[in-house]
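1. give me coordinates for this.
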Amino acid sequence: QLTAEQVVAMNSLQELTSAQFGLLNISGLPVSVIANLTSTEYAGLSAKQTAALSAEQINALQHVDLLSVAAVSGFTAAQMPALSDNVLSNLSAQQVAAITHLSALNSQQFGLLNISQLSESAINGLSKTEYEGLTALQVATLSPAQIKAMYHPSWMSDATASAFTPEQVQNISIGMNWFSAGWLNNLSLETLQAMTPVQAGQISSATLAALDNEHLHSLSAEQIGGMNNFGGLSSAQFGLLDLSKMQTSVFSYLSDTEYKGLTANQIATLSAEQINAMGHAAWMTDDAASGFTPDQIKNCTQNFYWFSPGWFNNLTTEAFHAIKPEQMGQVYLDAFNGLDAERRAQLTADQVGGIIYNFYFFSSDWFNSLSPDAMKGITADQLAHIQTDNFKHWDNDHLAALTAAQVAVAPHLNALTSDQFGYLNISELPVSSIKQLSKTEYQGLTAQQIASLSAEQIQGLQHLSWISAAATQGFTTAQMQAFGNDLSGFSSTFLNNLSLDAMSALTPSQLKTLTPVAFIGLEYRHFLAMNNFSDLIDMVSSFTSDQLLTLSPMLSIEQQGLLSQGQQALINKSVDTGFSLVDSVHDPILKTSMHNAVTNDSSLFSFTTIESILKDLASQLTGDLNANQYNDIKYYVQQVGNVCGTDSAVYSLLSGLMGTNGASVYWSATGDGERIGSLSEGSSATQFNQLISTWFDGANDPKSSSSDHVDGRPLFAKGGPSINDITQGYIGDCSLLSALQAVVETAPDFIKSMIVQNPNDTYSVRFFNKGVAQWVTVDGNAYSSGTNSATSSWAAIVERANVDFEATYLNEVNAYSSLPGGYDKLGEITGDTYTTFRAVYTTEEKWNTTDFDILKTAVLNGQPVQLSSWDSSVNADTGQTNLVGGHAFAIIGFDDVTNDFILTNPWGAFRTDGVQGTFEASMDQMWQKGNYNTGIAIVNSTGASDAAGQLVHAMAAMNTSPSAALTTAALPVNVNNGTLAASHA
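-> Numbers count the residues shown, from 1 in each chain. As a prediction, the model looks like this:
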């Protein structure tokens, strides 16, 4: 019951027990006394006593920590704000927990307390001031339960976040949307990562955007998986996130900003489902593409149409290879064209095959960037759309990479160079394509390509002479039989280029079909490789004299013994006469040339040797031809006639050179054209060379003519010459061509007898001048505007030769303009006379009766017949042109049913367009109302005339049967019904 004043007056307070001290009223104790209280006295202090103390007294307490919890609980609301920092900071957690008026403290004071023992209810009731006073040290002392009890933890300062532990942050009971970016940025990365996905998802877009890069990057995949609040992030920020567990629904609505932030590392972590959920995957940057894995690409359902070239270029090689063909089919043209060379080179064959974009728009550089293996993926449909200019610029490696199946359907093969064509695998090229190969393609063929061809393909080869020597070596022995039993198209050059094994594989049945010029042109090794000469005697027996003499040096004694007595005698005569000739000539140049030829076992009477000797002399002339030289040549010509016969082609040519039978050359190959005549004493070297060029080289081209060389076209198509080989060009030579039609239809062998192929690739052609056979020589330069055929050249050769013949023997100008004529062409071709009857000189009745019977008999007897038409007619059923005014036709047959004659047009017997190439016409239609110029000519060939007799002899020496002579033997009535060739317009 002592009063405060009494207690102040006491001097022995230290002697009291704690309990006794606690009964005192110490409110009046001086500060100095309080500052010296003993531990016993501290222990005795009660709540009532502390409640009565002034702020100065409380702040004088030196050992607040000695206060009991009960004593501390006595602190009043009024006392709390006055407490010193020292007092507050020295209060224990238990003491603080006992204080009931903490809210009286300001923020700074509250931050000095040890609140680790505050009850959850006390924490739940913390004021904003108290939250704002919380320090990181205080937060660090709180239990998860205490954190959870916080009602407004977002009120605490940002600095406090640094103290939060992972467990504490997970126990925050309010949404993370209440927390500032600063607070979140102060969390340790470990603590931030401890947030639950739900908590992370509560962060606002703005707050998330304000996080620093380190904290954004530290967000876990699970946290991101619970978030859909990325709208405020920049592209760079979005690229910091771990998206591996982001929900597919979120991927569906990513913004352009977010797509542009995607990184390769992020992409690499995504599942196929996440990638496929992207609404605008093409918005991502090209750099991001490098993160795609093969599995992602393979399972990707995004439309590849939208991806840029850069995106494809940034894929890894493995990922790029994972693009499926159907995905490649979605890629847009610009993307393909934008692929860099390295990426194009990585395209696989399957991927290339999957491209559905029109290959018309792809460049040659693009194709050349592909790997050779990728080329194998190009489909037939893709190949069909490739541009010609594109295809021809493919490099050789890429052409070589094409499979046989691809080459078989590839277009534009004819646009390739020879070198390029040689790189292709043509082993499956259709026979139809083989038949259409150009000269350029033939010249590009390699031995490897040749060896790969099937029998059917080999049979499709049309121009063996165009194949190079190296490529010809590719023919195998097994392939030789594929050529069948018609080798008439083989040249000596082709045969000599075959391997010896291939040559030896040819059978006698095949060899018998070789042309004489091919056979005699064999070089010695290939001749020996045949090993079956005895089986070929029948063929050799048909050789002309000079052909046999060309062959004779290669024949052994045994082989010569197999020849007929006449041929053996010819060879012996050639040898004996040759030696005598060498001794007889006076000119040293001629003597030397002849001696050298004989020494080399060459006959002086073969075409080749004669040409060579004449050229040797002409090349060495130092002045005009002197008398000795001229007389030596005349003697040489006589001996050629003596050995080969005066009816031989080679004798006729030499005689023409000498001017026999009025031969006079009109030279037009150079200059304006002039008649240079024939060889004579005093002829200049120039004239001599021109004459040799005319008679043996056939190089005297007609004036003002453009050439179309027959190179690649055989002289005769398989099956021999036919009416279908004739198609008139732009020359008015219907009389010549219709005459040829009439003759070839009735006697094709007679046409064969007209032409001899020479060893120097020229042709000697026979015409008749007043019933006498005369030969002229032409090369293969036919007139480009003249008759032509894709399968033979004989008609063009004859057309060219007729110009030369008429210029030489009929005093015409050597020009195609001289070709037009009348029925005289029948005589020039056949050597026979002809009967004509003209409509103007007879009555219509006689025309339709007597003349009809004469014509019918002649046609049925196979006599060549020609009509000169001066009126036009049209087929009433088809509207096609039949008869044409001012035009000649061949009458080739008679129809017993209609009683009409069968006519052909030299424009093409096979034509079926607006012109009917072969048609019927009645005798009355051919009357043409008695037109002055209308007429018919019938060859008076009986086989017994002088000309015909000469022909039979000539043809016997030229590998043609006597049936080649024009006879009155009955021939088939119907016209040639074989397959018709395409028309020449």
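2. just the buried residues of stretch 859-875, please?
-> Neighbour counts over stretch 859-875 (16 or more other CB atoms under 10 Å) mark 859-871, 873 as buried. Using the backbone N, CA and C atoms, a C-beta is placed for each residue, glycine as well.
3. so which of these sit within strands?
-> If you go by DSSP state E, the buried residues of stretch 859-875 have 865, 866, 867, 868, 869 in strands.
4. as JSON lines, the residues you listed with pLDDT and distance to residue 643 would be great.
-> Listed next are those as JSON lines, based on pLDDT from 0 to 100; distance: CB to CB, whole Å:
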{"residue": "865", "pLDDT": "97", "distance to residue 643": "40"}
{"residue": "866", "pLDDT": "97", "distance to residue 643": "39"}
{"residue": "867", "pLDDT": "96", "distance to residue 643": "45"}
{"residue": "868", "pLDDT": "95", "distance to residue 643": "44"}
{"residue": "869", "pLDDT": "95", "distance to residue 643": "48"}
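5. picking that back up, let me know the closest of the buried residues of stretch 859-875 to residue 586.
-> Nearest to residue 586, judged by CB to CB, of these is residue 864 at 49.0 Å.
6. so that closest one touches residue 739, yeah?
-> Yes: between residue 864 and residue 739 there is a contact under CB atoms under 8 Å: 6.9 Å.
7. report the contact partners of the residue nearest in space to the middle of the chain.
-> Against the mean C-alpha coordinate of the chain, by CA atoms, centre = their mean, the closest residue is residue 391 at 4.4 Å. Neighbour list for residue 391: 364, 410, 411, 412, 415, 416 [criterion: CB atoms under 8 Å, 6 or more residues apart in numbering].
8. same question for residue 518.
-> 487, 490, 491, 492, 494, 495.
9. and the buried ones among those residues, selectable in PyMOL?
-> Selection of the buried residues among the contacts of residue 518 in PyMOL, burial being defined by 16+ other CB under 10 Å:
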select buried, resi 487+490+491+492+494+495
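10. could I get the contacts of residue 518 as TSV with secondary structure, distance to residue 71 and pLDDT?
-> Putting the contacts of residue 518 into TSV (DSSP: H, G, I helix; E, B strand; the rest coil; distance: CB to CB, whole Å; pLDDT from 0 to 100) gives the following:
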residue	secondary structure	distance to residue 71	pLDDT
487	coil	135	91
490	coil	134	90
491	coil	134	91
492	helix	137	93
494	helix	130	94
495	helix	134	96
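11. nearest to residue 69, of the contacts of residue 518?
-> Nearest to residue 69 among the contacts of residue 518, counting by CB to CB, is residue 494 at 124.6 Å.
12. may I ask which two of the contacts of residue 518 are separated the most?
-> Of all the pairs that these form, the one spanning the most space (CB to CB) is 487 and 492, at 11.5 Å.
13. show me where the stretch 801-950 of the chain has strands.
-> 834-838, 865-869, 887-895, 900-904, 918-921, 935-939 (DSSP state E, counting those that start in this stretch).
14. between those strands, which gets nearest to residue 424?
-> Smallest distance to residue 424 across those (CB to CB): 40.9 Å, for strand 918-921.
15. for that closest one, packing partners?
-> In this structure, strand 918-921 makes packing contacts with strand 900-904, judged by 3 or more CB pairs under 8 Å, 6 or more residues apart in numbering; DSSP states H and E.
16. within its sheet, name the partner strands of the strand it packs on and how each one runs.
-> Partner strands and pairing direction for strand 900-904 (DSSP bridges) are strand 887-895 (antiparallel), strand 918-921 (antiparallel).
17. and the protein, what are its domains?
-> Using automatic domain parsing, the domains assigned to the chain come out as 1-114, 475-540, 545-696, 832-964.
18. so for residue 435, which of those domains sits nearest?
-> Closest approach to residue 435 among those is made by domain 475-540 (12.8 Å; CB to CB).
19. how about low-confidence regions in the stretch 801-950 of the chain?
-> Scanning the stretch 801-950 of the chain for pLDDT under 70 picks out 942-950.
20. 90 instead?
-> Along the stretch 801-950 of the chain, segments meeting pLDDT under 90 span 817-822, 910-912, 930, 932-933, 941-950.
21. can you give me the strands for the chain?
-> 665-667, 674-677, 707-709, 755-757, 763-769, 772-778, 781-783, 834-838, 865-869, 887-895, 900-904, 918-921, 935-939.
22. now render the domains of the chain as a markdown table, adding distance to residue 383.
-> Formatted as a markdown table, the domains of the chain follow (distance: least, CB to CB, whole Å):
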| stretch | distance to residue 383 |
| --- | --- |
| domain 1-114 | 83 |
| domain 475-540 | 28 |
| domain 545-696 | 47 |
| domain 832-964 | 32 |
